[in-house]
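1. Structural data only, the sequence is not supplied:
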Ligand code: SF4
């Protein structure tokens, strides 16, 4: 995902954001702008529509923009519907919906957005366009409190979601009897670090200077 394109979309959305009350609403605005910017960046590629990167219908995207980014030109968006969600995405969206704890409709939108973005290949916080894993923790604690509280071992978030979904179906993704003797330990609990899209852009600008 080109960092400069992501930064362009993120800045345009933030400039169009509505006035908010307090830090928590400002954080929601940042999160929504980051996710939208990630999808808008993907949609620069031929054959990719914005809704595909969001998992929301064009009507829901319009409503989200009207509520949170009223100054954003909706004409910049295509009106195409998202592709059909996979079974995995649907299960994850349902899991998130069952744990909603934040203001509506933001928590419901985020359930769909996170489920769609989680189908991307990077760490979840990177797929969402966030700055670091700490922001993802804050997002989950605010909007999906009980699900967040269950990850007591600080497992990687995608792994944790799949573990919860597997357990709900009555089976386990674990090949070992305990984490301490498991060869997949790093996959489950390794650091979710890396550069954010904006940090990557900053580094490239510094290297070019
Ligand atoms: S480290 Fe191994 S045992 Fe622990 S949750 Fe991951 S797969 Fe299961």
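-> On my side now, so go ahead. The shown structure was predicted, so the numbers you read here are calculated from the model rather than taken from an experiment.
2. what's the burial count for residue 30?
-> 20 (other C-beta atoms under 10 Å). (C-beta placed from N, C-alpha, C; glycine too.)
3. show me the contacts for it.
-> 14, 135 (C-beta atoms under 8 Å, 6 or more residues apart in numbering).
4. Now the helix or strand where it lies: buried residues?
-> Using DSSP states H and E, residue 30 maps to helix 22-42. By 16 or more other C-beta atoms under 10 Å, the buried positions in helix 22-42 come out as 28-42.
5. Show me which residues of the protein are close to the ligand?
-> The interface of the chain toward the ligand, taken as C-beta under 6 Å from any ligand atom, is made up of 173, 174, 176, 179, 182, 184, 185, 188.
6. Where does the prediction get shaky in the chain?
-> For the chain, applying pLDDT under 70 flags the ranges 1-3, 75-76, 195-209.
7. What segments of the chain are helices?
-> Along the chain, the segments classed as helices by DSSP state H run 3-15, 22-42, 50-54, 58-68, 87-98, 106-117, 124-127, 133-143, 145-150, 157-169, 185-189, 197-208.
8. so which of these comes closest to residue 77?
-> Taking C-beta to C-beta, helix 50-54 is the member of these nearest to residue 77, at 5.2 Å.
9. Run the chain-centre distance for the closest one.
-> Relative to its chain's centre, helix 50-54 lies at 12 Å (C-alpha atoms, centre = their mean, to the nearest Å).
10. Over to stretch 172-180?
-> 27 Å.
11. Also stretch 171-189?
-> 25 Å.
12. What distance do you get for residue 110 to the ligand?
-> Taking C-beta to the nearest ligand atom, to the nearest Å as the measure, residue 110 and the ligand are separated by 25 Å.
13. got the end-to-end distance for stretch 173-183?
-> 13 Å (C-alpha to C-alpha, to the nearest Å).
14. Likewise for stretch 72-88?
-> Stretch 72-88 end-to-end distance (C-alpha to C-alpha) = 32 Å.
15. Tell me which residues of that stretch come out buried.
-> 72, 77, 82, 85.
16. wait, doesn't residue 182 sit right on residue 174?
-> Yes: Residue 182 is in contact with residue 174 according to C-beta atoms under 8 Å; the separation is 6.7 Å.
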